[in-house]
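# Quick one: sequence plus predicted model below, questions after.
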Amino acid sequence: MRVIVVGAGVVGTMHAWHAVERGHEVVQIERESEARGASLRNFGQIWVSGRAGGEELETALRARELWESIGARVPGLGFRAIGSLTPVRGDLELAVAEAAVARPDAPARGYKLITADEARRINPALRGSFTAALWCERDAAVEPRPAQLALKQALLASGRYTYLGGREVRDVLGDRSVRDDHGDVHTGDAVVLCPGAALSGLVRELVPDLPVRRVRLQMMQTDPLGEPLTTSVADADSFRYYPAYASEALDALNAGQDQTPTAAAHKMQLLMVQRRDGGLTIGDTHEYEHPFAFDTIEDPYEHLTEVVESFLGRPLPRIRRRWAGVYAQCTDTSRVVHRQQVRDGVWLVTGPGGRGMTCSPAIAETTANELGW
């Protein structure tokens, strides 16, 4: 079988991976020379802890297994089974963590409520003041910036993979064929369109009423911390954002403890992970209203700096990079992804939202199974 994959972000690249793994020939087409979108502008977290139950949790757990197995074969991914800690302060935040640990699926997530001293033994860099912490053993991390390049090199080594960068697919021609902006036609037994957040042009022509929206975020990265941050770190605002934490205790937190004005205005949470070079990737904000701002705003960065320093008990290293990114999210946020047949033999896969990096291997595996690869 010959599979045409359009888009070289993490979702597209994982579709190429599963096709090659099953013995098929793959041509992957990317409009940029290399992927430059949300697949690079993210935390690199394999984030099981906050996922909703049911299909979303099953997808995240399966993806976690796949990331680990792929990471063992592709060291350039930088896979690390580091887990995560969410430090909490005060009774209201503590009650949300207790409710999470009481969930029936808590063992599958690796949830455990631990004392502040236990948290510091797991992650000695957390020298600030907090009451306790929610530990999630199943969370992990990869290196988002080199991940697609590392996967591409592994795919090229198979001898059944061709990468065509700097080509934008403009048309779907009948069954299982696309034409790029060089005028070349690419025909296969299946075509999978993985456009990421590029939802105009061809995607709009194919699906005018696509139930997917775009979301913009701001993030930053520091100079090396100078010591290991042995886990990912979140704050209690993540309880308000992720569906796994829905509970009466969360309702009480929302009613009794406001976010800071900056966090509320920018729909913020703290997520933080250390890169292999020692720097910290820190975010994030959520912007939903179009048109998006073209500039980044300093207030959220100041808020994140304050929160991180309160957990670390020390000044944050110098900020090395700031950036904004845009990802695609199903308007029904309970859906893991939007997967739709748009022509005979042509499928569109988009809209995983902030789950893209986490869930992409399992999303692509499901596509491969459904298409009978």
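Great, that's in hand. Nothing here was measured: the structure is a model prediction, and the numbers come from that model. Numbering: from 1, shown residues only.
# Tell me the confidence at Ala38?
For Ala38, the model assigns a pLDDT of 89.
# contacting residues for it?
Gly9, Gly196, Ala197, Gly325, Val326, Tyr327, Ala328, Gly356 (Cβ atoms under 8 Å, 6 or more residues apart in numbering). Using the backbone N, CA and C atoms, a C-beta is placed for each residue, glycine as well.
# so what does the longest helix along the chain touch, helix or strand wise?
Longest helix in the chain by number of residues, with DSSP state H as the criterion: helix 55-73. Helix 55-73 is packed against strand 45-46, helix 106-109, strand 140-141, helix 356-371, with contacts defined by 3 or more Cβ pairs under 8 Å, 6 or more residues apart in numbering; DSSP states H and E.
# With mean neighbour count, distance to Glu302 and mean pLDDT added, can I get these in CSV?
Below are the helices and strands packed on helix 55-73 laid out as CSV (neighbours: other Cβ atoms under 10 Å; distance: least, Cβ to Cβ, whole Å; pLDDT from 0 to 100):
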stretch, mean neighbour count, distance to Glu302, mean pLDDT
strand 45-46, 26, 23, 96
helix 106-109, 17, 32, 95
strand 140-141, 26, 25, 98
helix 356-371, 23, 26, 97
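# could I get these as TSV with distance to Thr230?
Below are the helices and strands packed on helix 55-73 laid out as TSV (distance: least, Cβ to Cβ, whole Å):
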stretch	distance to Thr230
strand 45-46	14
helix 106-109	19
strand 140-141	11
helix 356-371	20
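# Out of the ones you listed, which gets nearest to Leu155?
Nearest to Leu155 among these is helix 356-371; the distance by Cβ to Cβ comes to 12.7 Å.
# For Phe239, which of the helices and strands packed on helix 55-73 is the nearest?
Nearest of the helices and strands packed on helix 55-73 (Cβ to Cβ): helix 106-109, 14.0 Å.
# so Arg240 sits right up against Asn254, yeah?
Yes - here Arg240 reaches Asn254: they are 6.5 Å apart, a contact under Cβ atoms under 8 Å.
# how about the helices and strands packed on helix 55-73, which one is nearest Gln148?
Per Cβ to Cβ, nearest to Gln148 of the helices and strands packed on helix 55-73: helix 356-371, 10.7 Å.
# Tell me what angle the closest one forms with helix 55-73.
For helix 356-371 against helix 55-73, the angle by axes from the mean of the first three to the mean of the last three Cα atoms, to 10 degrees is 100 degrees.
# Helix 356-371 packs against which elements?
Checking 3+ Cβ pairs under 8 Å, 6+ apart, helix 356-371 ends up next to helix 10-21, strand 45-46, helix 55-73, strand 338-343, strand 346-350.
# now the ones you listed in TSV, with distance to Gly37?
Listed next are those as TSV, based on distance: least, Cβ to Cβ, whole Å:
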stretch	distance to Gly37
helix 10-21	9
strand 45-46	17
helix 55-73	19
strand 338-343	17
strand 346-350	12
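# Helices of the chain, residue ranges please.
According to DSSP H, the helices that the chain contains are 10-21, 55-73, 90-101, 106-109, 116-122, 144-156, 202-206, 237-241, 248-256, 261-265, 298-312, 356-371.
# hmm, who's touching the fifth one?
Counting by Cβ under 8 Å, 6+ apart, the neighbours of helix 116-122 from elsewhere in the structure are 83, 85, 87, 114, 126-127, 130-133, 135, 230-231.
# okay, these in TSV with pLDDT next?
As requested, these are exported to TSV (pLDDT from 0 to 100):
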residue	pLDDT
Gly83	98
Leu85	98
Pro87	98
Ile114	98
Leu126	98
Arg127	98
Phe130	98
Thr131	96
Ala132	98
Ala133	98
Trp135	98
Thr230	98
Thr231	98
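# Kindly write the PyMOL command that selects the buried subset of those residues.
This is the PyMOL syntax for the buried subset of the contacts of helix 116-122, where burial follows 16 or more other Cβ atoms under 10 Å:
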select buried, resi 83+85+87+114+126+130+132+133+135+230+231
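# right, and out of the contacts of helix 116-122, which lies closest to Asp332?
Gly83 (30.0 Å).
# So the closest one versus Asp139, what's the distance?
5 Å (Cβ to Cβ, to the nearest Å).
# Which residues are in contact with each of those two?
Counting by Cβ under 8 Å, 6+ apart, the residues touching both Gly83 and Asp139 are Gly110, Thr231, Ser232.
# Out of those residues, which comes closest to Gly159?
Ser232 (36.6 Å).
# Neighbours of the closest residue to that closest one other than its chain neighbours, how many?
Leaving aside its chain neighbours, Ser232 sits nearest to Ser84 (4.0 Å; criterion: Cβ to Cβ, 6 or more residues apart in numbering). When neighbours are counted by other Cβ atoms under 10 Å, Ser84 registers 29.
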